[in-house]
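S.K.: everything below, folded, please.
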Amino acid sequence: MKNRWMRFMVLPLAGLFLAACVTAGGNSGNTRSGNGMAEEETVYPPYDGPKKRIAVLEFENKVNNRWWDRSWNIEDRLTEMVITELMRTNRFIVVERGALNEVLSEQDLGASGRVRQETAARIGEVLGAQVLVKGAITEFIEKESGGAGGIVISGIGIGGKTSTGHVAMDMRLIDATTGQILQSERAEGKITSSGIGGIAFFSGVAFGGTAYKKTALGKATRAAVSEAVMFIVNNMEDQPWQGSVVKVEGNQIYINAGYNMNISPDAVFTVFSKGEELIDPTTGLSLGSALKRSGTVRVSQVSDKFSVAVVIEGSGFKRGDVVKLQ
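M.R.: I've put the predicted structure just below:
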C-alpha cells in the first residue's frame, strides 16, 4: 500500500517538473549548463526587405546506429522542421518540395539530395532558386547515466537518471548557378536533463509530439534546427537579391517576384543579360555565366507572384535576363 501511495504521489509531480529540469544548448553552437525552464521558440527580428528564393534538399542520414522508432523518419522530419523555421523568419520563399523533387528526378538525383555541379545550374534555372540548402544528420543520440529506478509515463521514463540528447547536422549552402559550396557549418544541439526530468524510453512516442518535445532529445532537436536556420539567415545576408525576367512586352518587363517576395511599387532593378556559360577546361564544370548590363527598370504594378516594370533606360531585354535590386 505504501509503494502504491508513493506512485500516485509521483505521477502528478512528474508532469510539473518534467520541463523544469533541462539544460539547453544555445543557438551560438555552445552547450550551456544550468537548470532552467523549457526553451521557447526563437523570435526573429522583424523583416520587410525582399525575400530570397531558396530550395531545401531532403537531408541525408549519416547516423550509423539507428536506434529510434522507424516511424520517426528523421531525414524527412528534420527537413520539414528547417523549412518551417525558415518560413517563420519571413526572409525566404522556399521552393515547394514537390516541385524540387520533380526537378531532382529529371536530373537523375533521386531522393538522396545529391547535387552535381553540372546539374545545379539546371535546378536553379528551373526553380528560380538562388541557393540550395543541403543537410546531413551526423548525430542523433539519447544517452542515460546515473542511478536506477523511476517510472514510465506515456513511453517516457522519469526519475532516477540523467539523460543527454545530442543532435548535429552538417549544413551547406550551394550556389544554384555553379554548384559551388558557398558556406558550411555544423549545427548542433546538446541538452542534459536530470532527476525527475530524466528520460529512459521512447516506445510509442511520436517524433515532434508533445511528449517528445519534453525530452532532452526533443529539445536538442529544436536547438539544432534553430542553429541551422540562423546559419542560413546570417549567410544569406551576404547574397544579393536577384530575380528573372519572365516576359517582355513592348516597354513592359514582367519579373518573377511580387508581393510574395516583398517587392514594392517604384522599386528599381538593374537588368543583366547572361553571356556564354563558362566551363572549366580542366574539370568540365560550370563556372557560371558572365553578366552584361542591359539597363534599368522601375516597378509600376505589383501582383502576388509577379511585378510589371517599365524601362527607364537600356534595351535588348529578354526572357531569362537577371534582375537585381539597386
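
S.K.: just the helices in the stretch 201-326 of the chain please.
M.R.: Ranges of helices within the stretch 201-326 of the chain are 210-213, 216-236, based on DSSP state H, counting those that start in this stretch.

S.K.: got a markdown table for those helices, with mean neighbour count and mean pLDDT too?
M.R.: Every C-beta, even on glycine, is put in place using the N, C-alpha and C of the backbone. Formatted as a markdown table, those follow (neighbours: other C-beta atoms under 10 Å; pLDDT from 0 to 100):
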| stretch | mean neighbour count | mean pLDDT |
| --- | --- | --- |
| helix 210-213 | 16 | 85 |
| helix 216-236 | 24 | 94 |
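
S.K.: could you list the domains of this protein?
M.R.: 19-236, 242-325 (automatic domain parsing).

S.K.: ok, back up a step: wait, which of the helices of the stretch 201-326 of the chain is closest to T79?
M.R.: helix 216-236 (10.1 Å; C-beta to C-beta).

S.K.: what is the closest one packed up against?
M.R.: Applying 3 or more C-beta pairs under 8 Å, 6 or more residues apart in numbering; DSSP states H and E, we find helix 216-236 packed against strand 52-56, helix 74-88, strand 131-145, strand 162-175, strand 181-193, helix 210-213.

S.K.: among the domains of the chain, which is the most enclosed?
M.R.: Highest mean neighbour count among the domains of the chain (mean count of other C-beta atoms under 10 Å): domain 19-236, with a mean of 18.

S.K.: what's the weakest-modelled helix or strand in this protein?
M.R.: In the chain, no helix or strand scores lower on mean pLDDT, DSSP states H and E than helix 2-17, which sits at a mean of 36.

S.K.: now A211: how far from V308?
M.R.: A211 sits 51 Å away from V308, going by C-beta to C-beta, to the nearest Å.

S.K.: run through the chain and note the low-pLDDT ranges.
M.R.: Within the chain, the set of residues satisfying pLDDT under 70 comprises 1-40, 101-126, 146-160, 194-204, 283-288.

S.K.: if you set the cut-off to 50 instead, what comes out?
M.R.: 1-38, 109-113, 149, 151-153, 195-200 (pLDDT under 50).

S.K.: which SS class is the residue lying closest to R91 once chain neighbours are set aside?
M.R.: In this structure, R91 finds its nearest non-sequential neighbour in Y47, 5.4 Å apart by C-beta to C-beta, 6 or more residues apart in numbering. With DSSP: H, G, I helix; E, B strand; the rest coil as the basis, Y47 sits in coil.

S.K.: go ahead and confirm Y47 touches R88.
M.R.: No. Counting by C-beta atoms under 8 Å, Y47 stays clear of R88, with 10.9 Å between them.

S.K.: on that earlier part again, how about the helices of the stretch 201-326 of the chain in CSV, adding distance to K292?
M.R.: Formatted as CSV, those follow (distance: least, C-beta to C-beta, whole Å):
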stretch, distance to K292
helix 210-213, 52
helix 216-236, 26
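
S.K.: so for A99, which of those sits nearest?
M.R.: Closest among the helices of the stretch 201-326 of the chain, using C-beta to C-beta: helix 216-236, at 19.4 Å.

S.K.: what residues does stretch 264-277 touch?
M.R.: Residues outside stretch 264-277 that contact it (C-beta atoms under 8 Å, 6 or more residues apart in numbering): 121, 243, 245, 253, 255, 286, 288-302, 307, 309, 312, 314, 316-318, 320-326.

S.K.: please tell me how far the nearest residue to L132 once chain neighbours are set aside sits from N235.
M.R.: Excluding its sequence neighbours, the residue lying closest to L132 (C-beta to C-beta, 6+ apart) is I174, at 4.3 Å. According to C-beta to C-beta, I174 stands 12 Å off from N235.

S.K.: show me the strands in the stretch 201-326 of the chain, by range?
M.R.: Remark: strands assigned in the stretch 201-326 of the chain by DSSP state E, counting those that start in this stretch are 242-249, 252-255, 268-279, 286-302, 307-314, 322-325.

S.K.: would you turn the ones you listed into a markdown table with distance to G179?
M.R.: Putting the strands of the stretch 201-326 of the chain into a markdown table (distance: least, C-beta to C-beta, whole Å) gives the following:
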| stretch | distance to G179 |
| --- | --- |
| strand 242-249 | 17 |
| strand 252-255 | 25 |
| strand 268-279 | 12 |
| strand 286-302 | 7 |
| strand 307-314 | 29 |
| strand 322-325 | 18 |
